[in-house]
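1. Make a model of this:
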Amino acid sequence: MPSAALKFPAEIFALVFPDDCRVCGAPLKEISRVPVCRKCLAEPAPLEAEHFCVCCRTAFANAFPLDETGRCGLCRLGVNRFDAVYSFGAYDGTLRKLIHLFKYGRIRTLAAPLGRLLALTLAAGETFDAVVPMPLHWWRRWRRGFNQSELLAREVARRCGLEVTPAVRRVRATATQAGLSNSRRRKNVAGAFEVRRPDAVRGLRVALVDDVLTTGATANACAAALKRAGARRVTVLTLARVDRRSAADLSGGVSG
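-> Below is the predicted model of the structure:
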């Protein structure tokens, strides 16, 4: 935005450059590089549940799927290669709309406010040595123009006093995960990731950043590649995750 425009009183700016909030449609009355009103930016709430898996943080309606240590079936079987997962909110409502605007609407300025939400997921005492974004296949990145996970990773890295470490690359394109079962999702992304610089993660505590977690198949495959390269611990950080308690729609372009 031109610096001269920033000197305009907000009321005059709204008259000269009228625009509406891309989420609720209300007229925007403040000067901002983000075409979303304050109310909608503040609306997403943290995911709440009485019962969580202590490892993957999947929310459950009751404690029946958890063992005496608080682990779910997949974590008990050792299927998940990541060590922990933290997500800000459920993938629905306003948060889902904001992610779609950021990811598919290509509104990159949403990286900062969404990054602030993502930073709220950091658990007390959780520390990292490297922040790694979930990679996109080069073809998908070229079509979109950017990797949304990398922009979010920059926000996390800045708050942790670290640099982004793009250590992982996607070595093959995969079919969309939408509509696939959990087992087919895992097969679809198996072997899709490769750590091109093992020395960048060897022995380190890695924060793997993505926008949405669905079943965890994509995050699991990427974490497996990081572990093979020698990463000591892999913690997945996402803006949102599908809340399977409410039988949320697994379509809508989410990949993980």
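2. mean confidence for stretch 143-152?
-> The average of the pLDDT scores along stretch 143-152 is 92.
3. How about residues contacting it?
-> Stretch 143-152 is contacted from outside by 102-103, 106, 108, 111, 114-115, 118, 133-136, 141, 164, 166, 209-211, 239, using Cβ atoms under 8 Å, 6 or more residues apart in numbering. Bear in mind the C-beta positions are built from the backbone N, C-alpha and C, glycine included.
4. Return the residues in contact with the residue nearest to residue 204 when sequence neighbours are not counted.
-> With sequence-adjacent residues excluded and distances taken as Cβ to Cβ, 6 or more residues apart in numbering, residue 204 is closest to residue 129, at 3.8 Å. The neighbourhood of residue 129, defined by Cβ under 8 Å, 6+ apart, consists of 162, 204-206.
5. can you pick the most crowded of these?
-> Neighbour count (other Cβ atoms under 10 Å) singles out residue 206 as the most crowded of the contacts of residue 129, with 28 neighbours.
6. Give me the lowest-pLDDT entry from the contacts of residue 129.
-> When the contacts of residue 129 are compared, the smallest pLDDT is that of residue 162, 93.
7. doesn't residue 24 fall inside a helix?
-> No: inclusion of residue 24 in a helix is not indicated when DSSP: H, G, I helix; E, B strand; the rest coil is applied; the result is coil.
8. which residues does the closest residue to it other than its chain neighbours contact?
-> Computed as Cβ to Cβ, 6+ apart, the closest residue to residue 24 that is not its neighbour in sequence is residue 40, at 5.4 Å. Counting by Cβ under 8 Å, 6+ apart, residue 40 makes contact with 21, 23-24, 94, 97-98.
9. if we can go back for a sec, which PyMOL command selects the buried ones in the contacts of stretch 143-152?
-> Filtering these down to the buried ones (16 or more other Cβ atoms under 10 Å) takes a single PyMOL command:
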select buried, resi 102+103+111+114+115+118+133+134+135+136+164+166+209+210+211+239
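10. Could you list the low-pLDDT ranges of the stretch 1-150 of the chain?
-> Low-confidence regions of the stretch 1-150 of the chain, defined by pLDDT under 70, span residues 1-18, 123-124.
11. now the strands for it?
-> For the stretch 1-150 of the chain, applying DSSP state E, counting those that start in this stretch gives strands covering 51-52, 59-60, 84-90, 130-133.
12. what helices or strands is the first one leaning on?
-> Just to be clear, that refers to strand 51-52. Secondary-structure packing of strand 51-52 (3 or more Cβ pairs under 8 Å, 6 or more residues apart in numbering; DSSP states H and E): strand 59-60.
13. and the gap between the most centrally placed residue in the chain and residue 171?
-> The structure's the chain has its C-alpha centroid closest to residue 211; by Cα atoms, centre = their mean the separation is 2.0 Å. Distance of residue 211 to residue 171, given as Cβ to Cβ, to the nearest Å: 21 Å.
14. Let me know the closest of the contacts of residue 40 to residue 233.
-> When the contacts of residue 40 are compared for distance to residue 233 (Cβ to Cβ), residue 98 wins out at 29.4 Å.
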